[in-house]
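Novice: Got a sequence here, can you model it:
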Amino acid sequence: MTGRLEEKVVIVTGGASGIGRGTAEVLAREGARVVITDVNEALGDEAAKAIGGDALFLRHDVADEASWQSVIAATVDRFGRLDVLVNNAGIIEVADIENTTVEQLRRVLAVNTEGVFLGCKHAIPAMRASGGGSIVNISSTAGLVGTPPFAAYSASKGAVRALTKTVAAHCQQKGDAIRCNSVHPGGIDTPLVRAITPERTADDGETVERGRAIGYGEPQDIGHLVSYLASDESRFMTGAELAIDGGLTAT
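Specialist: This is a model prediction of the structure:
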């Protein structure tokens, strides 16, 4: 039995850990030929080796246009095509609007927003040459609702939400068989979330594990949704925004 992504060539940015790695693992199990990119070479190499097969790791600074051009060229050179791009790489600064510096804002926007912009810009021609494709932009629930402790992050993810719809409309107007949708995780147990989430204690004084014990999802949960959006099963979906947050934004 073949997977839903059999032979599709996929780039996952920020794929060395967290949501990116979980997503890359799910896509590979569904038959995709996965290219993991990240600035962390040690973790990226380890992730690609763990996936096995023809999984490939490439060092990649998503805020740098030349790096994007190099990654897409290397992917097409290795596999002959590009079918799916998962714009996942991101960073966060913990600071409210009054305490966020301009430097912090620019740094977050460079990675979280400009990185997605550059990915879409350079993936579209490669996908067009391959006959179409799917772009999945990982935004956040912080791009849907206000998040006072994360002013720069929320701004960057809101921009990703709007950019996604613009890219979807652009590709539709051009007559390209390229779709673009955004995914908005909330409360996923990743190293980034653990770094900014204080540990909690149970009534008996014992430390409660951060993650599932307090209702967090797992990286693979996002991977399964991305797998659907990457596949031909979602061929009628473009410009959509999908919250996957355990009901966080329902109230």
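
Novice: gap between Asn40 and Ala89?
Specialist: As judged by Cβ to Cβ, to the nearest Å, Asn40 and Ala89 stand 10 Å apart. In short, each C-beta sits where N, CA and C put it, glycine included.

Novice: Pull out the buried positions in the host helix or strand of Arg21.
Specialist: Per DSSP states H and E, Arg21 falls inside helix 18-29. Within helix 18-29, the residues scored as buried using 16 or more other Cβ atoms under 10 Å are 18-28.

Novice: Sort out which one of those lies nearest Val12 for me.
Specialist: Closest approach to Val12 among those (Cβ to Cβ): Ala24, at 4.5 Å.

Novice: now for the helix holding Arg21, which elements pack on it?
Specialist: Contacts defined by 3 or more Cβ pairs under 8 Å, 6 or more residues apart in numbering; DSSP states H and E place helix 18-29 against strand 9-13, strand 33-38, helix 41-51, strand 84-87, helix 219-230.

Novice: Save the ones you listed as a markdown table, and put in distance to Ala152 and mean neighbour count too.
Specialist: Below are the helices and strands packed on helix 18-29 laid out as a markdown table (distance: least, Cβ to Cβ, whole Å; neighbours: other Cβ atoms under 10 Å):
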| stretch | distance to Ala152 | mean neighbour count |
| --- | --- | --- |
| strand 9-13 | 19 | 29 |
| strand 33-38 | 21 | 28 |
| helix 41-51 | 24 | 17 |
| strand 84-87 | 18 | 30 |
| helix 219-230 | 22 | 22 |
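
Novice: Compare these and give me the one nearest Asp61.
Specialist: Once the helices and strands packed on helix 18-29 are compared by Cβ to Cβ, strand 33-38 is nearest, at 9.2 Å.

Novice: which residues touch that closest one?
Specialist: Strand 33-38 is contacted from outside by 7-17, 20-21, 24, 27-28, 44, 47-48, 51, 53-60, 62, 71, 74-75, 78-79, 89, using Cβ atoms under 8 Å, 6 or more residues apart in numbering.

Novice: Same question for stretch 123-130.
Specialist: 9, 11, 72, 75-76, 81-83, 85, 133, 135, 167, 170-171, 176, 178.

Novice: so which of the residues you listed would you say is closest to Phe117?
Specialist: Using Cβ to Cβ, the contacts of stretch 123-130 come closest to Phe117 at Val167, 9.0 Å.

Novice: Low-confidence ranges, the chain, go.
Specialist: Where the chain drops to pLDDT under 70, the residues are 1-2, 192-215.

Novice: Partner strands of the top strand by length along it, with direction?
Specialist: In terms of residue count, the longest strand belonging to the chain (DSSP state E) is strand 178-185. When pairing is defined by DSSP bridges, strand 178-185 lines up against strand 133-138 (parallel), strand 241-244 (parallel).

Novice: Can you get me the centre-to-centre distance for the helix holding Arg21 and its chain?
Specialist: 10 Å (Cα atoms, centre = their mean, to the nearest Å).

Novice: Next: stretch 225-238.
Specialist: The answer for stretch 225-238 is 15 Å, by Cα atoms, centre = their mean.

Novice: quick one: contacts of that stretch?
Specialist: 4-5, 8, 10, 23, 26-27, 30, 32, 83-84, 86, 134, 136, 138, 168, 171-172, 179-181, 183, 242, 244.
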